[in-house]
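Colleague: can't give you the sequence, but here's the structure:
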């Protein structure tokens, strides 16, 4: 312990006491276990510790507050944009300093989540709907048969496996990831309740009112039988044109099925969306290479979804409605 900075407040107090008792610096250093030079520096008043090292901070707190306002005004600006606006406000600095300051403020550059664009009317309808359903219990939500369509492509974007290559191997065939302009895809329809998932429908062609009614005709009865038996249920779907068609509404009336009113652009309120995410994550691991492999992988992943997973998602509905109310109709984390 030769450095003055190593002395604690207690050690310094002991040094002062022992000095008053007439002890020598050597005796004191041996008594408290530090070097004699440390005792000497403390007694001579030089024990002020090390001076701060490194460059002096080039921005002021006021300047940093200005940067925070610039960042919060538009979260999608680049470092170059932030630096330009900060310079225009009177703070001349480098990109590196801008980066350090926004890091110090707790900001991190991340890929933004994609959420539906909601206008004021849609937000109000979401808020009204959530307020009406705010006190629904999990038992009530368990009576709802949630449904949705989703598209699965052979291409999985930038996610998935990376490639190990050396300099100069960028164009080597073994190091290339194949892509096509219009990747093959599969459209599917599925339904779930708190009891599990119903049979999955692989859709051929585009979904219009007529084809959608065929899906309902062939897949609602087995889904209802599996998940509800003889009990009544409420059917949920979004406001896609095929769903909102008058002929589709007549189909439900003719079959005596109650349809849950639903706010537009609200995938965060539909737990089936979470099931699609589960299926797509599984596909990224399996990496199907043909359309048949893609279809088989989708069906296998859907079939592997457990009733426990579906029950947890259904049980989240009260939290989802609360989240919409808290967000005043704006998109939520779900």
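Modeller: Cool, got the structure. Please read all numbers here as calculations on a predicted model, not as lab measurements.
Colleague: in whichever helix or strand residue 152 is part of, what counts as buried?
Modeller: Assessed by DSSP states H and E, residue 152 sits inside strand 144-153. Residues of strand 144-153 classed as buried: 144, 145, 146, 147, 148, 149, 150, 152 (neighbour count, 16 or more other CB atoms under 10 Å). For glycine as for every other residue, the C-beta is placed from the backbone atoms N, C-alpha and C.
Colleague: Pretty sure residue 189 is one of the things the third one touches, is it not?
Modeller: This points to residue 146. No - with contact defined as CB atoms under 8 Å, residue 146 does not count as touching residue 189 (11.8 Å).
Colleague: buried ones in the helix or strand where residue 275 lies?
Modeller: Using DSSP H and E, residue 275 maps to helix 272-286. Going by neighbour count (16+ other CB under 10 Å), the buried part of helix 272-286 is 272, 273, 274, 275, 276, 279, 280, 282, 283.
Colleague: how about the first one, what does it touch?
Modeller: Taking CB atoms under 8 Å, 6 or more residues apart in numbering as the contact definition, residue 272 lies against 146, 147, 148, 190, 191, 192.
Colleague: If we use 6 Å, what do you get?
Modeller: By CB atoms under 6 Å, 6 or more residues apart in numbering, the residues touching residue 272 are 146, 148, 192.
Colleague: And these, which is closest to residue 129?
Modeller: Taking CB to CB as the measure, residue 129 lies nearest residue 146 of these, at 14.8 Å.
Colleague: Which pLDDT value goes with that closest one?
Modeller: Looking at residue 146, its pLDDT reads 98.
Colleague: Can you list the low-confidence ranges for the stretch 51-200 of the chain?
Modeller: Within the stretch 51-200 of the chain, the set of residues satisfying pLDDT under 70 comprises 51-54, 155-164, 166, 171, 174-183.
Colleague: ok, which stretches of it are helices?
Modeller: With DSSP state H, counting those that start in this stretch as the criterion, the stretch 51-200 of the chain has helices at 61-73, 79-88, 95-104, 120-132, 138-141.
Colleague: Save these as JSON lines, and put in mean neighbour count and distance to residue 329 too.
Modeller: As requested, the helices of the stretch 51-200 of the chain are exported to JSON lines (neighbours: other CB atoms under 10 Å; distance: least, CB to CB, whole Å):
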{"stretch": "helix 61-73", "mean neighbour count": "14", "distance to residue 329": "22"}
{"stretch": "helix 79-88", "mean neighbour count": "16", "distance to residue 329": "30"}
{"stretch": "helix 95-104", "mean neighbour count": "15", "distance to residue 329": "30"}
{"stretch": "helix 120-132", "mean neighbour count": "16", "distance to residue 329": "3"}
{"stretch": "helix 138-141", "mean neighbour count": "14", "distance to residue 329": "20"}
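Colleague: sorry, back to before: what is the strand holding residue 152 packed up against?
Modeller: strand 185-193, strand 234-236, helix 272-286 (3 or more CB pairs under 6 Å, 6 or more residues apart in numbering; DSSP states H and E).
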